[in-house]
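S.K.: Sequence isn't available, so here's the structure alone:
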């Protein structure tokens, strides 16, 4: 479902906010997992309301020593947009609103994962959805998603280097705020 189709149900401002949170969810998880991030945008085209540029699916597997773990991370990144909206913007969150591309990627990757693990597709999706929910429930990650979404609402597009730098700084700031014990210097 593209932006025009959603406009009937959401105001323009809510629609942009929804898209910004959705794309921010993808982008924060890409950086959190340490994968390369391209630009992040809420500029609409005829196919989508926004886009987070990430490496091609095959490239992610080469950047992690365990290709199955990398495949699971790809699925979590694809799920993160919808889960971010569900947590940060619950009043308009609907299952798979505007996520046809994400849904397709999730289905393809789950089938690929299940051919190796022999786990059922439904149970795999439930398990990975639960893991994605746990990531999105983390206060630091959730706060970083909000920061990135607000930045997207101001700029509409954040370039590759700026996006990665902004997200890393935001995650670090929020991890320090929410989990100060992890960052205390040890005295000798």
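M.R.: Nice, I can see it. No experiment lies behind these values; they were computed from the predicted model shown.

S.K.: tell me, what residue is most central in this structure?
M.R.: Among the residues of the chain, residue 26 comes closest to the average C-alpha position under C-alpha atoms, centre = their mean, at 1.8 Å.

S.K.: tell me the contacts of that one?
M.R.: Each residue near residue 26 by C-beta atoms under 8 Å, 6 or more residues apart in numbering is listed here: 40, 52, 54, 77-78, 80-81, 84. Using the backbone N, CA and C atoms, a C-beta is placed for each residue, glycine as well.

S.K.: Output these in JSON lines; the columns should cover distance to residue 157.
M.R.: As requested, those are exported to JSON lines (distance: C-beta to C-beta, whole Å):
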{"residue": "40", "distance to residue 157": "7"}
{"residue": "52", "distance to residue 157": "11"}
{"residue": "54", "distance to residue 157": "15"}
{"residue": "77", "distance to residue 157": "19"}
{"residue": "78", "distance to residue 157": "21"}
{"residue": "80", "distance to residue 157": "19"}
{"residue": "81", "distance to residue 157": "17"}
{"residue": "84", "distance to residue 157": "18"}
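
S.K.: top of those by neighbour count?
M.R.: residue 40 (32 neighbours; other C-beta atoms under 10 Å).

S.K.: Just confirm it contacts residue 161, I think it does.
M.R.: No. Taking C-beta atoms under 8 Å as the definition, residue 40 is not a contact partner of residue 161, at 11.7 Å.

S.K.: Number of residues surrounding residue 162?
M.R.: 14.

S.K.: From residue 169, how far out is it?
M.R.: 11 Å (C-beta to C-beta, to the nearest Å).

S.K.: Show the pLDDT at residue 59.
M.R.: With respect to pLDDT, residue 59 scores 57.

S.K.: Next, give phi and psi for the residue nearest to the centre of the chain.
M.R.: phi -60, psi -50 (degrees, to the nearest 10).

S.K.: What's the separation between it and residue 120?
M.R.: Distance of residue 26 to residue 120, given as C-beta to C-beta: 26 Å.

S.K.: mind listing which of the contacts of residue 26 are in strands?
M.R.: Using DSSP state E, the members of these that fall within strands are 40, 52.

S.K.: tell me the least confident of the contacts of residue 26?
M.R.: residue 54 (71).

S.K.: Any figure for the gap between that one and residue 177?
M.R.: For residue 54, the distance to residue 177 equals 27 Å [C-beta to C-beta].
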